[in-house]
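[1] coordinates only, sequence not included:
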């Protein structure tokens, strides 16, 4: 067999082995790496390259070495899952950098981090004053996570005493002009509903690049032709206005009738509907 053909075959073999072993190591190898995982990734890549280019008859020994590295990595990951001490020793411990708005210089030195680098990391978190930080910690992967003081935290519905419903996961129902039946079924919908919604928009499925249904059953689409503007769904706004109209009608009925029982009934219904509107309003104005 000629050398060039042999190298092609070995390269393909190295790619296949590397892909399989990377899958075994899991997603952590392609996300935030610890120090050991970083070293492992470099070494495994080097061994795979050696396997594809080495012309020696003993090239298969590099595959054995590659397998040993992966086996050791799997063993260490299993040990980290089982033992907190092993995690602390291999990955290191989180370290507090800022506490109560005060930078802890000793911990900063232990992490070999300058104040300039610290402020750069804070700015990435949209924090420009160290005094605004209640608590900042450097994670084992080198990332700094920040907790702002109460007065500097973003306002949430909880702070305002507003109850909001949990939001379900949006589902992609159209992709590249093709209908995705399984996500439709997850939302309790079908193709008939989808066709009706697209007809309201004046759009055909073939022209839709991407279609998504949110937790409230509203369809959002993006077309292949970026020049065409699709109107946003108004179902929630329409529902809110309909409820308000019903409340106004009930109040008008209570004022226009002279029958005491009917007047009382209309007033009670109007008050009950007002209470319902107050509860659902946060959901319908999002």
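    Yep, that arrived. What you see is a predicted model; the values in this text were computed from it and never measured.
[2] so how many other residues sit close to residue 197?
    If you count neighbours by other C-beta atoms under 10 Å, residue 197 ends up with 20. Yep, even glycine has a C-beta here, placed from its N, CA and C like the rest.
[3] now swap in residue 65 and tell me
    15.
[4] just residue 156 next, same as before
    Residue 156: 9 neighbours (other C-beta under 10 Å).
[5] Check for me that residue 135 belongs to a strand.
    Yes: counting by DSSP: H, G, I helix; E, B strand; the rest coil, residue 135 is found in a strand.
[6] and it, how many neighbours does it have?
    Residues near residue 135, counting by other C-beta under 10 Å: 15.
[7] and if you look at the one 4 residues further on?
    The number of residues packed around residue 139, counting by other C-beta under 10 Å, is 14.
[8] if I look at it, how far off is residue 154?
    Taking C-beta to C-beta, to the nearest Å as the measure, residue 139 falls 22 Å from residue 154.
[9] and the end-to-end length of stretch 130-143?
    16 Å (C-alpha to C-alpha, to the nearest Å).
[10] where along the stretch 1-150 of the chain do the strands fall?
    95-99, 102-103, 133-138, 144-148 (DSSP state E, counting those that start in this stretch).
[11] out of those, nearest to residue 208?
    strand 144-148 (39.2 Å; C-beta to C-beta).
[12] Go ahead and confirm residue 131 touches residue 103.
    No: shown here, residue 131 and residue 103 do not form a contact pair, counting by C-beta atoms under 8 Å, at 9.7 Å.
[13] Neighbour count: those two, which is higher?
    residue 103 (16 against 11).
[14] Contact partners for the nearest residue to the more buried one once chain neighbours are set aside?
    Of all residues not flanking residue 103 in the chain, residue 130 sits nearest, at 5.9 Å (C-beta to C-beta, 6 or more residues apart in numbering). Residue 130 makes contacts with 98, 101, 103, 118, 119, 122, as judged by C-beta atoms under 8 Å, 6 or more residues apart in numbering.
[15] The second one: neighbour count?
    The tally of other residues near residue 101 (other C-beta under 10 Å) stands at 14.
[16] Which secondary structure element is home to the residue nearest the centre of the chain?
    Nearest to the mean C-alpha position of the chain, counting by C-alpha atoms, centre = their mean, stands residue 169 at 10.5 Å. Under the criterion DSSP states H and E, no helix or strand holds residue 169.
[17] which SS class is the residue nearest to it when sequence neighbours are not counted?
    For residue 169, ignoring the flanking residues on the chain, the nearest one in space by C-beta to C-beta, 6+ apart is residue 215 at 7.5 Å. Secondary structure assignment for residue 215 (three-state DSSP): coil.
[18] Fine by me, we can end here.
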